[in-house]
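Asker: my questions concern the predicted model and sequence given below.
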Amino acid sequence: MAREEDVDIGPGADVEMEDDPSIRKRGRGFDPRADGPSNDGVKHVGNFEKLNLSSEAQMDQDESAGQDEHEEGIERPAQSIEGYIIIVTGIDEEATEEEVIEKFADFGKVQNCHLNLDRRTGYVKGYALLEFRQLEEAKEAIAACKDGLTLMDKELKAGFAFVQPPPTHLPMGIRGAASRGNATRNRSRSPDRR
């Protein structure tokens, strides 16, 4: 019986080797407990790079219902330090910052533009963060994207990157306690003595 070391494999033969789980490797994607092989060194996760523009969907619903922006329960754009930031998706992977800024210059001066690149490919990830000084400028840019604004023959979508959450209302029980002068709540979970 031949031992493993004595077996002549021959030049050019492929050999499958089991990864030793006790050996730790540096970097990303080398998890031996992962579902599939990670031969390129990058761990692929379902919808990792997918953006959720829930504020855009909320704004569409609000406009179609004909509600006023200042009513309760509607998310409002939040101002950053120097202006209002919008996120624009659908940007071609070969677009440049200058092309994006030129496209949105019609709506106002773009204070800042971030166009993130994919580390592996070096191409644009497909979204940009644009900062406008005035709220009206940002709203005009978002409205233009909804009306079919294109860049390099690709339709753009936009929404506010940061929004203020709707005001939360207190439940009736707590609101009633506040009106009786018992607004502070004890840390104890046991009921108060009568």
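Answerer: Nice, thanks for sending it over.
Asker: now residue 116. Nearest residue, chain neighbours left out?
Answerer: Once flanking residues are discounted, residue 116 sits nearest to residue 125: 4.8 Å by CB to CB, 6 or more residues apart in numbering. Where you see a C-beta, it was placed from the backbone N, CA and C, and this is true even at glycine.
Asker: next secondary structure element downstream of the helix or strand bottoming out on mean pLDDT in the chain?
Answerer: Ranked by mean pLDDT, DSSP states H and E, the helix or strand of the chain with the weakest confidence is helix 54-65, at a mean of 47. Using DSSP states H and E, the helix or strand that follows helix 54-65 in sequence is strand 76-77.
Asker: and that following strand, what does it pack against?
Answerer: Under the contact criterion of 3 or more CB pairs under 8 Å, 6 or more residues apart in numbering; DSSP states H and E, strand 76-77 touches strand 163-164.
Asker: residue 147 and residue 100, how far apart?
Answerer: Per CB to CB, to the nearest Å, residue 147 is found 18 Å from residue 100.
Asker: typed the wrong thing, it's residue 119
Answerer: For residue 119, the distance to residue 100 - CB to CB - is 20 Å.
Asker: between those two, which one's more packed in?
Answerer: The neighbour count for residue 119 versus residue 100, taken as other CB atoms under 10 Å, is higher for residue 100 (22 against 8).
Asker: is it true that the more buried one touches residue 115?
Answerer: Yes. Using CB atoms under 8 Å, residue 100 is in contact with residue 115, at 6.3 Å.
Asker: so the closest residue in space to residue 84 that isn't next to it in sequence: helix, strand or coil?
Answerer: Using CB to CB, 6+ apart and skipping the chain neighbours, the partner closest in space to residue 84 is residue 138 (4.1 Å). Secondary structure assignment for residue 138 (DSSP: H, G, I helix; E, B strand; the rest coil): helix.
Asker: residues near residue 138, how many?
Answerer: 26.
Asker: low pLDDT regions in the protein?
Answerer: 1-17, 19, 24-75, 169-188 (pLDDT under 70).
Asker: how about the strands in it?
Answerer: Listed in chain order, the strands of the chain (DSSP state E) span 76-77, 84-89, 110-117, 124-132, 150-151, 154-155, 157-160, 163-164.
Asker: and those as a markdown table, adding mean neighbour count and distance to residue 194?
Answerer: Output for the strands of the chain, formatted as a markdown table (neighbours: other CB atoms under 10 Å; distance: least, CB to CB, whole Å):
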| stretch | mean neighbour count | distance to residue 194 |
| --- | --- | --- |
| strand 76-77 | 18 | 44 |
| strand 84-89 | 23 | 53 |
| strand 110-117 | 15 | 59 |
| strand 124-132 | 20 | 57 |
| strand 150-151 | 16 | 68 |
| strand 154-155 | 12 | 65 |
| strand 157-160 | 22 | 50 |
| strand 163-164 | 14 | 41 |
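Asker: now distance to residue 104 too, for those strands, in TSV please.
Answerer: Below are these laid out as TSV (distance: least, CB to CB, whole Å):
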stretch	distance to residue 104
strand 76-77	16
strand 84-89	8
strand 110-117	6
strand 124-132	6
strand 150-151	9
strand 154-155	15
strand 157-160	9
strand 163-164	20
